[in-house]
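J.: Next one to model:
(chains A, B, C and D)
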Protein chains: 2
Amino acid sequence: MPVPLYQARAEFFRILGHPVRIRVLDLLSDGPMAVRDLLVAIEIEPSNLSQQLAVLRRAGIVTATRAGTTVVYALSGVDVAELLRAARRILAEVLTCQNALLTELREAELG
Amino acid sequence: MPVPLYQARAEFFRILGHPVRIRVLDLLSDGPMAVRDLLVAIEIEPSNLSQQLAVLRRAGIVTATRAGTTVVYALSGVDVAELLRAARRILAEVLTCQNALLTELREAELG
DNA sequence: TGTCGGCTTGAAGAGTTCTGCAATTCCACG
DNA sequence: CGTGGAATTGCAGAACTCTTCAAGCCGACA
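T.: Purely as a prediction, here's the structure:
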């Protein structure tokens, strides 16, 4: 296991670690989408969306193609959708655990 | 799909987005480990490791238990190991794609 | 009780990321 | 050519994260 791989993996996760970028990936996992439509779905400044799209593009996670006056984004082959599903499941697990723990603590406190 | 869930998922990924934290999770996915041993495996300032462990603890991803004078960390039930494996696979995919693209570009440039 | 080792916490400086405004590019259409 | 809409880029200030030093806490053991 080469050392810089830790770096690469961390960077990959860091790129996913932004609400707008997650939303974009979620939307794109249902198929390609124009920037215009992304803007309608995610209410945000156009320049901000562009910045986040650029981050995803530089990471090779999405690709952009011009279609006349609009630009269409798509997941770039890589199966990020699967990762997002896994994350959703695991997050649910974490939240459940935390709730269980909270309940436990509260009961301990009251008992 | 409630809106703040995007936030939670992004935060989760952001927590994974740090080389030291990734290494810790990798090491812990082989079983619990004392801070002392983590320090030997990951060469880093003790206080820095503690900070990163605190981040993972606050997120509910790992748990700490005292055993006399040493503290032992473990994955907190949640199956993060699976997520790490998925990420490794996907990252390999991304890197392969990027290499393929680079090769393609280089050939186009030379041809 | 005093002190030692292992770990954590607090806080500050350096560095990085995020966001919104203004300016720019690019294409289409008159 | 000039105008207009769509998207991007540059930039600057705010917000956040990382790292390290110093100080604190907690068991163990004399």
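J.: For the residue positioned nearest the centre of chain A, give me its contacts.
T.: Residue closest to the average C-alpha location in chain A (C-alpha atoms, centre = their mean): residue A:22, at 2.3 Å. For residue A:22, the contact set (C-beta atoms under 8 Å, 6 or more residues apart in numbering or on different chains) comprises A:16, A:84, B:6, B:9-10, B:13. Placement of C-beta: from N, CA and C, glycine included.
J.: Torsion angles phi and psi at it?
T.: Taking degrees, to the nearest 10, you get phi -60, psi -40 for the backbone angles of residue A:22.
J.: Pull up the gap between residue A:5 and DNA strand C, please.
T.: As judged by C-beta to the nearest atom of the strand, to the nearest Å, residue A:5 and DNA strand C stand 18 Å apart.
J.: Quick one: neighbours of that residue, just the number.
T.: Using other C-beta atoms under 10 Å in any protein chain shown, residue A:5 has 16 other residues around it.
J.: Buried ones in whichever strand or helix holds it, by neighbour count?
T.: If you go by DSSP states H and E, residue A:5 is part of helix A:4-16. Judged by neighbour count (16 or more other C-beta atoms under 10 Å in any protein chain shown), helix A:4-16 contains these buried residues: A:5-6, A:8-10, A:12-16.
J.: can you give me the strands for chain A?
T.: In chain A, the strands defined using DSSP state E lie at A:33-34, A:62-67, A:70-75.
J.: what's in contact with the first one?
T.: Translated: strand A:33-34. Under C-beta under 8 Å, 6+ apart, the answer for strand A:33-34 is A:27, A:41, A:67, A:70-74.
J.: Could you identify the most distant pair in those residues?
T.: Largest separation among the contacts of strand A:33-34 by C-beta to C-beta: A:41 and A:67, giving 18.1 Å.
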